[in-house]
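Participant: One predicted model, sequence on top.
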Amino acid sequence: MYPLTEGYPKPLLRVAGKPLIEYPIRGLESMGVSEYIVVVSDERVEKYVEERLGLKATIVWQKGEELEGALSDASDYLGKEESFILAYSDIIAPPEMYTQLINAYNVRGATAAFTLVPMSDVETYGVAQVDFETGKVVRVLEKPPPREALTSYALAGAYILPSRVAFEVKDGLKLPEAFSREVGRGETIPLIWSGDWIDVGYPWDILSANFMVLGRLSEVRISKEATVSSTAIIEGPVVIDRGAVVDHYAVIKGPAYIGPETMVGKAAFIREYTSLEEKSVVGAFSEVKRSSLQPSSSTGSYVLLVDSVLGPEAVVEPRVTVMSKLEEGIDIHRMLPLQGLVKKYKKLGIYTAPKVRVKAASVLNPASIIHSDGSITSAIRRSVAT
């Protein structure tokens with residue numbers, strides 16, 4: 001997720017007005033969960049969880065590394081005979097996915113249940129094989145090469161597990177190994193989920209999540225506490241939140257989200273699938289399309305920003321142009337949906353660290369990663385013919 005997470009906690013990155021961690025919390029609430037163990041490694045996440053869940057949450061500071069460290073640290077709070085729900089904070093899916101998981105688990109009387117998502121490209125995911133004759137999960141593999149996957153079902157980041165899985169991880173097993181051991185006991189069932197689902201593992205997954213969440217909007221909702229000029233044009237499903245200001249002659253073409261205390265400058269053009277998060281600013285005469293401005297980020301005037309994510313408090317100075325159309329023969333992990341009305345193209349813009357400042361009048365190449373020290377790298381992987 002670099003550069004967006006350089007000095008900023010991933011669970012608090014925003015999609016359509018909500019931190020990533022809010023989406024699984026809402027899903028778990030729909031299951032009837034009343035007690036949470038939340039593993040954190042940043043005080044800002046701890047504060048959010050305390051305010052959001054209060055006494056329902058036991059907050060555990062992570063000491064170990066990776067998922068294994070988090071699960072091992074949480075295992076101290078699990079009883080030996082308990083089952084628990086393991087949910088990742090970077091999964092965006094509707095609450096129905098979680099309720100269907102618990103329903104399948106209860107109806108089938110299994111000891112474990114895995115949510116699985118059909119994927120055409122599984123190389124960046126853990127995967128599971130299913131025996132449909134028995135209705136059981138029979139094998140788990142961690143990010144196999146495409147030709148070795150033997151399955152198109154990705155592990156979806158929501159599981160119901162017996163506590164022994166956590167204890168086995170604490171004893172030194174890697175999580176895929178502990179999953180495999182549990183699957184080998186023969187009582188793990190799958191929930192095949194074919195609905196909306198995004199694993200936010202790369203910066204541009206924020207934009208795919210915006211496509212998913214904003215795509216569900218069906219109406220215009222303008223807060224009574226927002227200020228929208230009488231000369232502004234609002235078209236399509238758009239949410240304009242409290243304290244937002246939309247200046248004269250601005251155009252907002254939905255689906256789009258305009259967050260609390262944001263500013264859309266004079267004659268700015270906010271195009272489809274854009275999310276302006278809290279206290280962000282789009283300068284006069286700028287155009288923003290299919291992009292996410294994280295909290296307190298901003299563009300100056302006469303900026304073209306497309307297919308991009310600005311990290312929190314990042315600043316794009318005036319007259320910056322972002323190019324996003326990718327050349328043929330390149331490869332990107334987790335490509336965005338193809339864009340274009342006449343011909344479909346692969347597109348990626350810029351992705352910046354928090355508090356970065358992009359110099360005025362810059363022209364930035366597609367798939368540019370702008371780091372906290374101002375250095376620029378590329379997300380492009382060149383395909384090599386053999």
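Facilitator: Noted; the coordinates are in hand.
Participant: Export stretch 116-123 to CSV, keeping only CA atoms.
Facilitator: Provided in CSV are the C-alpha atoms of stretch 116-123 (Å, rounded to 0.1, in the frame of the first residue of the first chain):
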residue,chain,number,x,y,z
LEU,A,116,-14.3,-17.7,-0.8
VAL,A,117,-14.6,-15.4,-3.8
PRO,A,118,-14.3,-16.5,-7.5
MET,A,119,-11.5,-14.7,-9.2
SER,A,120,-10.1,-14.8,-12.7
ASP,A,121,-6.6,-13.8,-11.5
VAL,A,122,-5.6,-15.3,-8.1
GLU,A,123,-1.8,-14.7,-8.1
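Participant: roughly how far is it from the heart of the chain?
Facilitator: Centre-to-centre, stretch 116-123 and its host chain are 16 Å apart (C-alpha atoms, centre = their mean, to the nearest Å).
Participant: for stretch 68-79, same thing?
Facilitator: Centroid separation for stretch 68-79 versus its chain: 24 Å, with C-alpha atoms, centre = their mean.
Participant: If you count neighbours, what's buried in that stretch?
Facilitator: Applying a neighbour-count criterion of 16 or more other C-beta atoms under 10 Å, one finds 68, 69, 70, 71, 72, 73, 74, 75, 78 buried in stretch 68-79. Where you see a C-beta, it was placed from the backbone N, CA and C, and this is true even at glycine.
Participant: Narrow those to those in helices?
Facilitator: 68, 69, 70, 71, 72, 73, 74 (DSSP state H).
Participant: Show the residue spans covered by the helices in the stretch 1-150 of the chain.
Facilitator: Along the stretch 1-150 of the chain, counting by DSSP state H, counting those that start in this stretch, helices occupy 22-30, 43-53, 66-74, 95-108.
Participant: To residue 60, which of these lies closest?
Facilitator: Nearest to residue 60, of all the helices of the stretch 1-150 of the chain, is helix 66-74, at 5.2 Å by C-beta to C-beta.
Participant: So which other helices or strands are in contact with that closest one?
Facilitator: Judged by 3 or more C-beta pairs under 8 Å, 6 or more residues apart in numbering; DSSP states H and E, the packing partners of helix 66-74 are strand 36-40, strand 57-61, helix 163-170, helix 175-184.
Participant: buried stuff in the second one?
Facilitator: Neighbour-count burial for strand 57-61, counted by 16+ other C-beta under 10 Å, picks out 57, 60.
Participant: And the third one, by the same measure?
Facilitator: Residues of helix 163-170 classed as buried by neighbour count (16+ other C-beta under 10 Å): 163, 164, 165, 166, 167, 168, 169, 170.
Participant: thinking again about what came up before, now, which of the ones in helices among the buried residues of stretch 68-79 sits nearest residue 354?
Facilitator: Nearest to residue 354 among these, with distances taken as C-beta to C-beta, is residue 70, at 23.2 Å.
Participant: I figured that closest one hits residue 39, correct?
Facilitator: Yes. Between residue 70 and residue 39 a contact is recorded at 4.2 Å, counting by C-beta atoms under 8 Å.
Participant: pLDDT at the closest residue to residue 140 other than its chain neighbours, what is it?
Facilitator: Leaving aside its sequence neighbours, residue 140 sits nearest to residue 179 (C-beta to C-beta, 6 or more residues apart in numbering; 4.4 Å). Looking at residue 179, its pLDDT is 90.
Participant: again, but for residue 331
Facilitator: Value for residue 331, per-residue pLDDT: 67.
Participant: The one 3 residues further on too?
Facilitator: pLDDT, the model's per-residue confidence, is 61 for residue 334.
Participant: Next one: residue 157 from residue 175, what distance?
Facilitator: 12 Å (C-beta to C-beta, to the nearest Å).
Participant: Low-confidence bits of this structure, can you list those?
Facilitator: In the predicted model, the chain carries pLDDT under 70 at residues 122-124, 143-151, 329, 331-344, 381-386.
Participant: got the domain boundaries for it?
Facilitator: What automatic domain parsing lists as the domains of the chain is 21-199, 205-382.
Participant: Turn those domains into a markdown table, including distance to residue 13.
Facilitator: Below are the domains of the chain laid out as a markdown table (distance: least, C-beta to C-beta, whole Å):
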| stretch | distance to residue 13 |
| --- | --- |
| domain 21-199 | 9 |
| domain 205-382 | 6 |
